[in-house]
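Participant: Next comes the sequence, and after it the predicted model I'd like to discuss.
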Amino acid sequence: MTNWCEDGSICAVLPAFNEAENLPAVIPELAEILASRFASWQILVVDDGSTDNTSAVLKSLQAEHPGLRSIRLRRNCGKSDALQAAFERVDADLVLLMDADGQDDPTQLPAMLAKIDEGADLVTGRRQVRRDRLLKRTTSKVFNWTSSRLSGVPGSDFNSGFKLLRRGVTQEVRLYGELHRYIPVLAAWSGFRITEVDVSHRPRLGGSSKFGRDRFWRGLFDLVTVKFITTYNHRPFHLIGGTGLGVGSVGAALLMWMLVERLSGNTVGTRPALLAGVMLAVVGVQLVSVGLLAELMVHLHQRDRADSASLIEE
């Protein structure tokens with residue numbers, strides 16, 4: 001694995017998908033800001049399977065900016081996979097995340113660095129005035145409010161692409177699917193200190209947004225995933241088994257009712273309540289069984305980790 005950023009440096013990571021017309025303006029501005037504050041810095045652009053001439057533009061820019069590096073994914077894998085590919089390659093004390101469309105303002109970096117100096121491990125650039133369409137701003141507000149309430153992590157701009165992280169966060173957080181929106185939640189769950197700082201937000205330089213209307217719904221589905229892995233990953237029986245016990249209890253109550261009815265001389269063979277009771281009881285038993293199996297898998301995994309730790313200590 002190649003590490004392009006040395007210790008004591010900062011590495012700016014920019015995922016890019018068809019951003020050929022924006023990169024010639026974004027890269028020089030960012031390079032100037034980084035060079036003015038850091039003796040050692042790098043910019044890593046992840047070409048997420050672009051179909052325009054992004055690759056050629058990057059080669060041209062690399063000739064002008066020695067601190068610019070790039071990697072290319074064979075196909076468009078999405079922002080989470082692009083960021084994860086970068087996380088596995090950088091080795092800097094600080095990692096700056098930015099979008100490649102020019103909306104994130106790198107001159108706001110000093111305010112984010114101040115929060116790091118105060119002890120934060122992850123700083124999200126909270127966009128004061130968003131330069132986006134009304135529909136996008138509205139759905140984003142709903143998304144952020146829902147994410148904060150369900151995750152229990154304070155924040156008002158989780159899906160801002162403008163973030164500054166310590167290296168430990170990139171080593172701990174694993175991104176896939178659409179989990180890039182929940183980097184603050186995953187970091188907070190791992191014990192890192194997170195915060196937000198107000199930053200300016202600029203209109204997109206050129207091109208069009210790569211996120212469609214289904215982005216909101218995908219985000220909500222991923223919120224369920226995040227809630228599960230951050231709350232029940234070490235105690236899956238509490239969720240799966242608890243649900244099974246609840247469903248099974250309703251089924252048992254219906255079957256007891258049908259038993260009483262049958263003992264009273266009433267016909268129950270064609271009653272919908274009988275079928276519902278049997279179905280709920282069976283489903284309840286299945287969920288409890290799955291919950292116990294999941295609990296056993298977690299137990300064995302934790303035991304293996306403990307055994308490995310013991311071997312290392314010896």
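Facilitator: On my side now, so go ahead.

Participant: Out of the helices and strands in the chain, which is least certain?
Facilitator: helix 215-231 (a mean of 70; mean pLDDT, DSSP states H and E).

Participant: Which element is encountered next along the chain beyond it?
Facilitator: Toward the C-terminus, helix 215-231 is succeeded by helix 236-263 as the next helix or strand (DSSP states H and E).

Participant: Can you give the distance from that next one to the centre of its chain?
Facilitator: 36 Å (Cα atoms, centre = their mean, to the nearest Å).

Participant: try stretch 274-293
Facilitator: So, by Cα atoms, centre = their mean, the centroid of stretch 274-293 is 33 Å from its chain's centroid.

Participant: How about stretch 21-33?
Facilitator: On Cα atoms, centre = their mean, the centre of stretch 21-33 falls 26 Å from that of its chain.

Participant: hey, C-alpha coordinates of that stretch in PDB?
Facilitator: Output in PDB follows, covering the C-alpha atoms of stretch 21-33 (Å, rounded to 0.1, in the frame of the first residue of the first chain):
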ATOM      1  CA  GLU A  21     -14.200  21.600 -15.900                       C
ATOM      2  CA  ASN A  22     -13.900  22.400 -12.200                       C
ATOM      3  CA  LEU A  23     -10.600  20.900 -11.200                       C
ATOM      4  CA  PRO A  24      -8.400  23.500 -13.000                       C
ATOM      5  CA  ALA A  25      -9.800  26.100 -10.700                       C
ATOM      6  CA  VAL A  26     -10.200  24.100  -7.500                       C
ATOM      7  CA  ILE A  27      -6.700  22.500  -7.400                       C
ATOM      8  CA  PRO A  28      -4.600  25.700  -7.700                       C
ATOM      9  CA  GLU A  29      -6.700  27.500  -5.100                       C
ATOM     10  CA  LEU A  30      -6.400  24.600  -2.600                       C
ATOM     11  CA  ALA A  31      -2.700  24.100  -3.300                       C
ATOM     12  CA  GLU A  32      -2.000  27.800  -2.500                       C
ATOM     13  CA  ILE A  33      -3.900  27.600   0.800                       C
END
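
Participant: so for that stretch, what's the average pLDDT?
Facilitator: The average pLDDT within stretch 21-33 is 94.

Participant: Same question for it: list its buried residues.
Facilitator: Across stretch 21-33, burial judged by 16 or more other Cβ atoms under 10 Å covers Glu21, Asn22, Leu23, Val26, Ile27, Leu30, Ala31, Ile33. Bear in mind the C-beta positions are built from the backbone N, C-alpha and C, glycine included.

Participant: wait, isn't the second one in contact with Asp104?
Facilitator: No. When contacts are counted by Cβ atoms under 8 Å, Asn22 is not listed as touching Asp104 (11.2 Å).

Participant: Can you check my assumption that Gly269 lies in a strand?
Facilitator: No. Checked against DSSP: H, G, I helix; E, B strand; the rest coil, Gly269 lies outside a strand; its state is coil.

Participant: so how far is Leu44 from His180?
Facilitator: Going from His180 to Leu44 by Cβ to Cβ, to the nearest Å gives 16 Å.

Participant: Secondary structure element for Thr138, which one?
Facilitator: Per DSSP H and E: helix 134-151 holds Thr138.

Participant: meant to ask about Val95, not that
Facilitator: strand 94-97.

Participant: Could I get the buried residue list for whichever helix or strand comes after that strand?
Facilitator: The helix or strand immediately downstream of strand 94-97 is helix 109-117, counting by DSSP H and E. Buried residues in helix 109-117, counting neighbours by 16+ other Cβ under 10 Å, are found at Leu109, Met112, Leu113, Lys115, Ile116.

Participant: now do stretch 94-109
Facilitator: Residues 94-106, 108-109 are the ones in stretch 94-109 that count as buried (16+ other Cβ under 10 Å).

Participant: follow-up on the earlier one: which other helices and strands contact the strand holding Val95?
Facilitator: strand 10-16, helix 109-117, strand 163-166, helix 167-172 (3 or more Cβ pairs under 8 Å, 6 or more residues apart in numbering; DSSP states H and E).

Participant: Redo those as JSON lines? Include mean pLDDT.
Facilitator: Shown next, in JSON lines, are the helices and strands packed on strand 94-97 (pLDDT from 0 to 100):
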{"stretch": "strand 10-16", "mean pLDDT": "95"}
{"stretch": "helix 109-117", "mean pLDDT": "93"}
{"stretch": "strand 163-166", "mean pLDDT": "95"}
{"stretch": "helix 167-172", "mean pLDDT": "92"}
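
Participant: Span of stretch 187-200 from start to end?
Facilitator: 24 Å (Cα to Cα, to the nearest Å).

Participant: per-residue confidence at Cys5?
Facilitator: pLDDT at Cys5 comes out at 49.

Participant: ditto for Arg193
Facilitator: Taking Arg193 on its own, its pLDDT is 95.

Participant: Assess the claim that it and Val123 are in contact.
Facilitator: No. Taking contacts as Cβ under 8 Å, Arg193 lies outside contact range of Val123: 9.7 Å.
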